[in-house]
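Novice: coords please:
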Amino acid sequence: MLNVAVLISGAGSNLRALLEAAEDPAYPARVIAVGADRDADGLQHATDFGAASFAVPFRAFSSREAWGEELATQLRAWSPDLIVLSGLMRLLPANVVAEFGPNIINTHPAYLPEFPGAHGVRDALAAGASRTGASVIQVDDGVDTGPILAQERVDIEPGDTEGSLHARIKPVERRLLIDVVRRIAAGDLVLT
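Specialist: Sure thing, here's the model as predicted:
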């Protein structure tokens, strides 16, 4: 059984999908802890599914590195096999990536390397793209630059807004995340 810690910043819809998948006894992973960089609404999903949760508020620390040290302390307490960044809107400090890598993955609402960063959906619309997508990547020290583990295209429809496009990307992100975690747990996808 693959033990997974998930880090979030917001509502945690991808987290919830992963928790629901893990309810199936045949699914080879379980979420053992959920962490957030603020008082995120998505922490309620952990409570609903009986997973532990913790918050390491970014603003409570003098630097990203100090925040990362406390985040690493919290993660060490759970000894996860895999860390999933699912809507975590912070770059992990290099020391956290070095300690827990290569076993950190991230979801992103764009077809990387197109539209990296915090506003992938908005950036795709602003660029006038006809298609974008969803990606799951391995985390490295860059901004959405790690190896791509899975991705799928999503068409941009006439009249799409950031909200409507993101609503169509989210289900693809969830499906890709659940599949990537399954493949890692089964040994079909090895993070190096």
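Novice: what's the distance between residue 97 and residue 146?
Specialist: 9 Å (C-beta to C-beta, to the nearest Å). The way it works is simple: take the backbone N, C-alpha and C, and place the C-beta from them, glycine included.
Novice: just to check, residue 110 is in contact with residue 134?
Specialist: Yes. With contact defined as C-beta atoms under 8 Å, residue 110 reaches residue 134; the gap is 7.4 Å.
Novice: neighbour count winner among the two?
Specialist: residue 134 (27 against 23; other C-beta atoms under 10 Å).
Novice: and that one, backbone torsions?
Specialist: phi -140, psi 150 (degrees, to the nearest 10).
Novice: can you check the pLDDT for it?
Specialist: Predicted confidence (pLDDT) for residue 134: 98.
Novice: so it bridges to which residues?
Specialist: residue 152 (DSSP bridges).
Novice: same question for residue 6.
Specialist: Counting by DSSP bridges, the residues bridging with residue 6 are residue 34, residue 84.
Novice: okay, and the common contacts of residue 97 and residue 146?
Specialist: Listed as contacting both residue 97 and residue 146 by C-beta atoms under 8 Å, 6 or more residues apart in numbering are 139, 140.
Novice: so which of those two has more stuff around it?
Specialist: Using other C-beta under 10 Å as the criterion, residue 97 and residue 146 rank with residue 146 on top: 23 against 19.
Novice: give me phi/psi at the more buried one?
Specialist: phi -70, psi 170.
Novice: what comes up buried for the helix or strand containing residue 4?
Specialist: Assessed by DSSP states H and E, residue 4 sits inside strand 2-8. Along strand 2-8, these residues count as buried under the neighbour rule (16 or more other C-beta atoms under 10 Å): 2, 4, 5, 6, 7, 8.
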